[in-house]
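**Student:** Below is the sequence, then the predicted model.
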Amino acid sequence: MFNTDPSATLPWFAENGVNLASPKLGATVLYATDEFFASKERLIKDADPVFIPDKYDDNGKWMDGWESRRRRIPGHDHCVLQLGAQGIIDGVNIDTSHFTGNHPPHASLEGCLSETDPDETTEWAEIVPKRALDADSHNFVEVASNKHFNHLRLHIYPDGGVARLRVYGQPQSAWQRQDPDGVHELSAITNGGQIIGYNDAHYGSPWVILAPGRGTDMGDGWETRRRREPGNDWIVVALGARGIVERLEIDTAHFKGNYPDRCSVEAVELTEQDDTRLLENATDWQPLMGEQKLEMDRIHTFEGNVINAIGPVTHLRLSIYPDGGVRRFRAFGKLDQV
């Protein structure tokens, strides 16, 4: 059901899921029937929408989102987007923030799994049936489907503006199409890697440490608060597939006065899906890489004798000492073919 109160607690899928429509993952809006008042690209911007009272452009009031013109003929508007990662969708947020007299009264959402851009022959599956939207609100809806999607089509009835579309889910990878003897980025979100736990994430978004690229600023990473007590901070990653890790990369780009002094990585192989146990029982972990010194604003590559040969693993725990920020964490290795 929809939750239209922006101040309410986020639903479980928004708290825990990855935004598959994030440009940080490579998501893009391919097509819109109309974007007269506001560009379709703004629909998936990572930043929260803003309202600037005195800002106008050649077509009228500038709005931070996608907005079509007033429709004077039968029909409705829609746009098509390519997700940054193929995945299972758990829920969406059709955000109409700042759109009051110009929001669509209704919307629906469809999806498909296609290796090429969708066209008129594409078969779409209904994800969210047509339903009412509230103005200037976060319209959350849970999705009950185990299908994989990599393209979405958002319908708005009949026209209007949507500030943001967030698509929360579980990234999946078609490993059967990958070279079984090749070296793969097992931890990448686009390959199904996920963050399943951490002890602190005061700044930034933990999931982005598994995203492509190096980001643009210090906000694009995982950063913990300043530690005032003994101990260290950590984050747990579920790999996209069971594999043998051969190389680790830890990127501290843009972190200068706040990068960790040292890091280490532990690993474990789970035969059952029991992520919770990893957060409770430290005895399961094996040392994959001992403590290593880190420097500010650089990519650190660890391989060879630094990586312990412990066989196939499914989860990694990155520990940083004592606290600080990490831009990206990558684990490369070969798929376990047993």
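**Tutor:** Done, it's in.

**Student:** next helix or strand past the lowest-mean-pLDDT helix or strand in the chain?
**Tutor:** Least confident helix or strand, the chain: helix 275-280 with a mean of 63, by mean pLDDT, DSSP states H and E. On the C-terminal side of helix 275-280, the closest following helix or strand by DSSP states H and E is strand 286-293.

**Student:** contacting residues around residue 325?
**Tutor:** 203, 204, 218, 221, 222, 223, 224, 252, 255, 258, 259, 260 (Cβ atoms under 8 Å, 6 or more residues apart in numbering). (Glycine included, C-beta is placed from N, CA and C.)

**Student:** Quick check: chain neighbours aside, which residue is closest to it?
**Tutor:** Of all residues not flanking residue 325 in the chain, residue 223 sits nearest, at 3.4 Å (Cβ to Cβ, 6 or more residues apart in numbering).

**Student:** who's that neighbour bridged to?
**Tutor:** Beta-bridge partners of residue 223, counted by DSSP bridges, are residue 203, residue 325.

**Student:** Surely it and residue 200 touch.
**Tutor:** No: if you go by Cβ atoms under 8 Å, residue 223 and residue 200 don't touch, sitting 9.1 Å apart.

**Student:** The two: who's more crowded?
**Tutor:** Taking neighbours as other Cβ atoms under 10 Å, residue 223 and residue 200 compare with residue 223 leading, 24 against 15.

**Student:** Quick check: can you list the domain ranges of the protein?
**Tutor:** Using automatic domain parsing, the domain ranges for the chain come out as 12-171, 175-335.

**Student:** rank those domains by pLDDT, which is bottom?
**Tutor:** Lowest mean pLDDT within the domains of the chain: domain 175-335, at a mean of 91.

**Student:** how close does the closest residue to residue 62 other than its chain neighbours sit to residue 103?
**Tutor:** Leaving aside its chain neighbours, residue 62 sits nearest to residue 55 (4.2 Å; criterion: Cβ to Cβ, 6+ apart). According to Cβ to Cβ, to the nearest Å, residue 55 and residue 103 sit 19 Å apart.

**Student:** List the buried residues for stretch 253-271?
**Tutor:** 253-255, 258-260, 263-269 (16 or more other Cβ atoms under 10 Å).

**Student:** List the ones among these that fall in strands.
**Tutor:** Taking DSSP state E, the ones among these that sit in strands are 263, 264, 265, 266, 267, 268.

**Student:** which residues does the fourth one contact?
**Tutor:** Residues counted as contacts of residue 266 (Cβ under 8 Å, 6+ apart) are 285, 286, 287, 288, 316, 317, 319.

**Student:** now it, nearest residue through space, not along the chain?
**Tutor:** Spatial nearest neighbour of residue 266, chain neighbours left out: residue 285 (3.8 Å); criterion: Cβ to Cβ, 6+ apart.

**Student:** List the contacts of that neighbour.
**Tutor:** 266, 267, 268, 278, 317.

**Student:** What strands flank the helix or strand hosting the last one, and is each parallel or antiparallel?
**Tutor:** So that's residue 317. Here residue 317, judged by DSSP H and E, is contained in strand 313-321. When pairs are called by DSSP bridges, strand 313-321 turns out to pair with strand 233-251 (antiparallel), strand 262-268 (antiparallel).

**Student:** Dump those into TSV; add distance to residue 298 as well.
**Tutor:** Output for these, formatted as TSV (distance: least, Cβ to Cβ, whole Å):
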stretch	distance to residue 298
strand 233-251	8
strand 262-268	13
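
**Student:** Identify each buried residue in stretch 96-103, please.
**Tutor:** 96, 97, 98, 99, 102, 103.

**Student:** Sorry, slip of the keys, the one I care about is stretch 27-41.
**Tutor:** Within stretch 27-41, the residues that count as buried by 16+ other Cβ under 10 Å are 27, 29, 32, 33, 34, 35, 37, 38, 39, 40.

**Student:** Stretch 59-69 now?
**Tutor:** Buried residues in stretch 59-69, defined by neighbour count with 16+ other Cβ under 10 Å: 61, 63, 64, 65, 66, 67, 68.

**Student:** Once you drop chain neighbours, what's closest to the last one?
**Tutor:** Nearest in space to residue 68, with sequence neighbours left out and distances taken as Cβ to Cβ, 6+ apart, is residue 34 at 3.9 Å.

**Student:** contacting residues around the one you found?
**Tutor:** Going by Cβ under 8 Å, 6+ apart, residue 34 touches 68, 69, 77, 159.
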